[in-house]
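Participant: Below are the sequence and a predicted model; questions follow.
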Amino acid sequence: MELTICIIVFLILLFLIGLFVSKRIKNDQDWFVAGRNLGVVPLVGTYFATIISTVSVIGYFGYYYSYGWAGWWNWAGTALTSMIAALWFAEKLRKFGQTTLPDLLAARYGKAHSIIAGIVILVAMLFFTSAQLTGSAAVVTTSMGIDRTTAIIVIGTIFILFTVMGGMEAVAWTDTFCSAIILIGVWLLSYNAVNEAGGVVKIHKTLAQIKPSALDPFANGAIPLGVAMSWFLTWGIGNIGAPQFSTRIYSAKDPKTAALSQAWTGVTFIFFYLPLMLAALAGIVLFPGLTGAADTYAPTIIQKVMGPWGGGIMMAGILAASISTADSVLLLAGTTFVRDIVQRCSSRQFMPQQTLKMARITTFIIGILAIFFTIHTNQGVMWVQANAVGYMGSMLSVVVLAAFAWKRANAQGALAAMIVGILTAAIWGYLNRPFGWFPILPSLFTCTLTLVIVSKLTPPPSQKVIDQFFKE
């Protein structure tokens with residue numbers, strides 16, 4: 001009963017926040033990038049909640065239970081993105097000040113680059129939305145006992161409606177609310193689990209006796225250096241090639257706010273990953289030898305250490321992680337289709353209100369397609385979602401960073417690098433990830449090498465492009 005109440009209250013509040021914020025939307029820029037008026041709090045909230053998905057809560061908990069502190073390499077990568085952004089990249093990207101990641105590619109390299117990226121992003125975001133709907137439905141089905149199809153339709157309808165109505169403004173503030181629920185839930189879980197296991201010090205003393213590999217930074221070889229670097233670079237560099245990252249930077253009210261929000265986001269991630277790790281370590285002590293799929297460890301331990309209301313809040317937090325990622329990628333799918341495919345391929349000039357109407361209709365249709373697709377989905381979708389950041393990062397990260405970092409990078413080099421990067425990732429995945437490396441790790445090398453060689457063998461970019469990106 002308590003679980004059901006927590007989830008229902010959460011969904012009602014989420015919808016009401018989205019509905020309230022949507023009243024501020026006056027034109028397409030309000031909808032696409034929140035009128036470029038977001039401050040530090042909503043920027044931190046929306047980026048944090050977009051990165052933290054159901055996979056982050058359930059999947060990473062199981063990963064930490066299996067490997068201990070060595071699993072924290074995934075957090076190191078996430079922190080690297082925010083560090084690069086806070087110290088250098090966010091201000092430059094916000095000064096550029098467009099709407100989507102393909103906007104950057106079009107201005108720096110050419111129209112073809114942006115259209116290719118737009119198509120890849122649109123397809124990936126449809127799978128992302130579907131995967132998060134799958135996770136959300138699993139939470140509601142388990143907690144409330146309703147059938148999966150009904151859960152998918154109800155949850156999908158809620159976040160589709162406030163996304164369609166409020167765009168980035170609604171997504172930013174509902175994500176901020178979701179971030180608070182996620183953090184409260186994970187800290188409650190950590191507090192209960194750590195207390196029951198005897199405290200942080202006792203947990204580590206016990207682990208030194210029963211599972212010393214959990215205290216080793218490489219899990220006594222279970223996570224070799226190549227895998228650790230794969231985590232580090234997949235999230236650290238791959239996230240920069242993820243389009244939802246750039247959209248949030250564009251939405252900042254100024255460049256300094258963009259950089260400051262990324263600095264605080266890095267801190268906020270610590271307040272998520274640290275208690276999640278401690279709860280998993282406590283789980284090893286309290287319930288050693290759990291078997292089965294790693295995704296089952298978190299629900300098992302939550303059920304055993306959380307009270308009825310605490311468990312309800314934690315389940316609401318897991319649901320929040322799903323919905324906050326789903327609304328962000330759904331918004332991005334609609335924005336990408338209108339801005340980077342329709343407008344870029346059409347010679348027609350659209351008025352702001354026409355663009356806004358088109359974006360809302362497109363987002364609604366994509367959302368309905370995601371619901372339909374999720375109802376008839378299979379495990380293949382989850383596989384695509386789990387690899388989407390790596391594949392997009394393999395294709396886009398190097399050329400995005402080079403846009404501001406290397407004057408000599410040109411259209412030919414960027415196009416060749418994008419093709420080689422995603423082909424390397426596809427081949428590496430087909431070969432079943434040799435050495436345990438994620439596809440982005442070899443892709444970063446081949447993509448960078450291709451960009452340098454082809455750019456050096458072809459004419460440099462025009463002075464107009466160089467002035468736009470490098471003239472202070």
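Facilitator: Noted; the coordinates are in hand.
Participant: When you work out contacts or count neighbours from here on, use the C-alpha atoms and nothing else.
Facilitator: OK.
Participant: Report the outermost residue of this structure with respect to its centre.
Facilitator: Largest separation from the mean C-alpha position in the chain: Q209, at 36.7 Å (CA atoms, centre = their mean).
Participant: What separation do you get for that one and F469?
Facilitator: Between Q209 and F469 the computed distance is 56 Å (CA to CA, to the nearest Å).
Participant: gap between the residue nearest to G429 when sequence neighbours are not counted and Y60?
Facilitator: Spatial nearest neighbour of G429, excluding adjacent residues (CA to CA, 6 or more residues apart in numbering): P439 at 6.1 Å. Counting by CA to CA, the separation of P439 from Y60 is 19 Å.
Participant: More neighbours: which of those two?
Facilitator: Set P439 next to Y60 and count neighbours by other CA atoms under 10 Å: P439 wins out with 29 against 23.
Participant: For the residue nearest to G429, give me phi and psi.
Facilitator: phi -60, psi -30 (degrees, to the nearest 10).
Participant: hang on, it packs against W428?
Facilitator: Yes. Applying CA atoms under 8 Å as the test, P439 and W428 come out as touching, 5.5 Å apart.
Participant: Name the nearest residue to I301, sequence neighbours excluded.
Facilitator: G283 (6.6 Å).
Participant: Could you report the pLDDT at that neighbour?
Facilitator: Per-residue confidence (pLDDT) for G283: 95.
Participant: I184: neighbouring residues, count only.
Facilitator: 18.
Participant: And the helices in the stretch 51-200 of the chain?
Facilitator: Under the criterion DSSP state H, counting those that start in this stretch, the stretch 51-200 of the chain contains helices at 54, 60-67, 73-84, 90-96, 101-108, 111-144, 148-196, 200-210.
Participant: Which among these is found nearest to T296?
Facilitator: With CA to CA as the criterion, T296 lies closest to helix 60-67 of the helices of the stretch 51-200 of the chain, at 7.4 Å.
Participant: Would you mind pulling up the elements that the closest one packs against?
Facilitator: Under the contact criterion of 3 or more CA pairs under 8 Å, 6 or more residues apart in numbering; DSSP states H and E, helix 60-67 touches helix 255-286, helix 297-305.
Participant: Distance check, G166 against A172.
Facilitator: For G166, the distance to A172 - CA to CA - is 10 Å.
Participant: Give me the distance from stretch 269-280 to the chain's centre.
Facilitator: Computed by CA atoms, centre = their mean, to the nearest Å, the chain-centroid distance of stretch 269-280 equals 17 Å.
Participant: again with stretch 7-23
Facilitator: Using CA atoms, centre = their mean, the offset of stretch 7-23 from its chain centre is 22 Å.
Participant: Need the residues that contact it.
Facilitator: 140, 158-159, 162-163, 165-167, 169-171, 173-174, 177, 312-313, 315-316 (CA atoms under 8 Å, 6 or more residues apart in numbering).
Participant: my guess is S394 contacts A425, does it?
Facilitator: Yes. Using CA under 8 Å, S394 is in contact with A425, at 6.5 Å.
Participant: okay, and the common contacts of the two?
Facilitator: P439, I440, S443.
Participant: Would you mind putting these into JSON lines with pLDDT alongside?
Facilitator: Shown next, in JSON lines, are the shared contacts of S394 and A425 (pLDDT from 0 to 100):
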{"residue": "P439", "pLDDT": "86"}
{"residue": "I440", "pLDDT": "84"}
{"residue": "S443", "pLDDT": "92"}
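Participant: Nearest to I121 among the residues you listed?
Facilitator: Nearest member of the shared contacts of S394 and A425 to I121, counting by CA to CA, is I440, at 16.5 Å.
Participant: re earlier: ok, G166 and A172, which is more surrounded?
Facilitator: It is A172, of G166 and A172, that has more neighbours when counted by other CA under 10 Å, with 32 against 27.
Participant: contacting residues for the more buried one?
Facilitator: P42, L43, G45, T46 are the contacts of A172 under CA under 8 Å, 6+ apart.
Participant: Pull the number of nearby residues for the residue lying closest to the second one once chain neighbours are set aside.
Facilitator: Counting by CA to CA, 6+ apart, S261 is the residue found nearest to L43 once chain neighbours are left out, at 6.1 Å. Per other CA under 10 Å, the neighbour tally for S261 reads 28.
Participant: cool, and the one 5 residues further on?
Facilitator: A total of 22 residues lie near G266 under the criterion other CA under 10 Å.
Participant: Surely it and W75 touch.
Facilitator: No. In this structure G266 lies outside contact range of W75 using CA under 8 Å: 9.6 Å.
Participant: quick revisit: with A228 as the reference, name the closest of the helices of the stretch 51-200 of the chain.
Facilitator: Across the helices of the stretch 51-200 of the chain, closest to A228 is helix 73-84 (CA to CA), at 5.7 Å.
Participant: I'd like to know how many residues surround L457.
Facilitator: L457 has 10 neighbouring residues, counting by other CA under 10 Å.
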